[in-house]
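Engineer: sequence? don't have it. structure:
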């Protein structure tokens, strides 16, 4: 947890809703984070990131003035210009293209969650810690929609139902041990499923979970455009 950190993680927050922004600030501070700034628009957010060089940013997808893609575009700028800064994006709805673009830009230290997940404060804080530590966190609903949109692609149709289930859990950033626990199987069985998945999708196995997630999402994005 963040409270175990010797030095609190510095955070810059971007959320146009005053009520949600204040609530997130209180939650982050109680959870042991240092909130360097809390901004209501993308332009101010990027200036705050440049000034404070935070360890982590939490950013809404849609922000003023048009409430379309200002927030996610700002998050992508942070990914590009400050790759050492972890990025957690919050969204009211699943924005599939933006989710894929965000994770594909850099595989480490990135998350995409629906705002509903913030209600479970302990899981939300755990997700922030995981992203800040270099992990990848994707909302299960994002994974579900990406998989559903891509089922017409031939390579995915070669997967067994169990392999599809393992693939979905992989894309959520689960470790092999966590997948084994979720599916109530041995870790060795999960390793075999993972190897089979990458072989069938013509993707070489990666050593780290975030690389596996990146490879899966890159393939899904390619299939979605095909």
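Structural biologist: Cool, the structure landed. Predicted model, so just to flag it, every value in this text is computed and none were measured.
Engineer: which stretches of this structure form helices?
Structural biologist: 18-30, 42-52, 70-81, 96-105, 121-132, 140-149, 154-157, 161-171, 176-183, 187-200, 209-225 (DSSP state H).
Engineer: Look up the closest residue to the residue positioned nearest the centre of the chain, ignoring the ones flanking it.
Structural biologist: For the chain, the residue nearest the mean C-alpha position is residue 111 (1.9 Å; Cα atoms, centre = their mean). Sequence neighbours aside, residue 137 is the residue nearest to residue 111 in space, at 3.7 Å (criterion: Cβ to Cβ, 6 or more residues apart in numbering). From N, CA and C alone the C-beta is placed, and that goes for glycine too.
Engineer: give me every residue that touches the one you found.
Structural biologist: By Cβ atoms under 8 Å, 6 or more residues apart in numbering, the contact list for residue 137 reads 88, 110, 111, 112, 113, 127, 130, 131, 172, 173.
Engineer: what about this protein, any weak spots by pLDDT?
Structural biologist: Applying pLDDT under 70 to the chain flags residues 1-5, 105-107, 145-156, 202-226.
Engineer: Would you mind giving the domain segments of it?
Structural biologist: Domains of the chain are assigned by automatic domain parsing as 2-138, 143-225.
Engineer: circling back to that earlier point, what's the separation between the residue nearest to the centre of the chain and residue 160?
Structural biologist: To residue 160, residue 111 is 29 Å away according to Cβ to Cβ, to the nearest Å.
Engineer: ditto for residue 20
Structural biologist: 41 Å.
Engineer: Among these two, which residue is more densely surrounded?
Structural biologist: The residue with more neighbours, out of residue 20 and residue 160, is residue 20; 15 against 12, by other Cβ atoms under 10 Å.
Engineer: For the more buried one, give me its contacts.
Structural biologist: Each residue near residue 20 by Cβ under 8 Å, 6+ apart is listed here: 115, 118.
Engineer: so how far is residue 198 from it?
Structural biologist: With distances taken as Cβ to Cβ, residue 20 is found 39 Å from residue 198.
Engineer: now residue 188
Structural biologist: Separation of residue 188 from residue 198 (Cβ to Cβ): 16 Å.
Engineer: quick one: which of those two has more around it?
Structural biologist: residue 198 (19 against 10).
Engineer: Quick check: residue 124 touching residue 118?
Structural biologist: Yes. Contact criterion Cβ atoms under 8 Å: residue 124 and residue 118 qualify, at 5.1 Å.
Engineer: Help me confirm that residue 58 comes into contact with residue 90.
Structural biologist: Yes. Taking contacts as Cβ under 8 Å, residue 58 lies within contact range of residue 90: 6.6 Å.
Engineer: and residue 92, how many neighbours?
Structural biologist: Using other Cβ under 10 Å as the criterion, residue 92 is surrounded by 11 other residues.
Engineer: likewise residue 193?
Structural biologist: 25.
Engineer: so what's it closest to, chain neighbours aside?
Structural biologist: Once flanking residues are discounted, residue 193 sits nearest to residue 166: 4.4 Å by Cβ to Cβ, 6+ apart.
Engineer: Same check on residue 131?
Structural biologist: residue 111 (4.2 Å).
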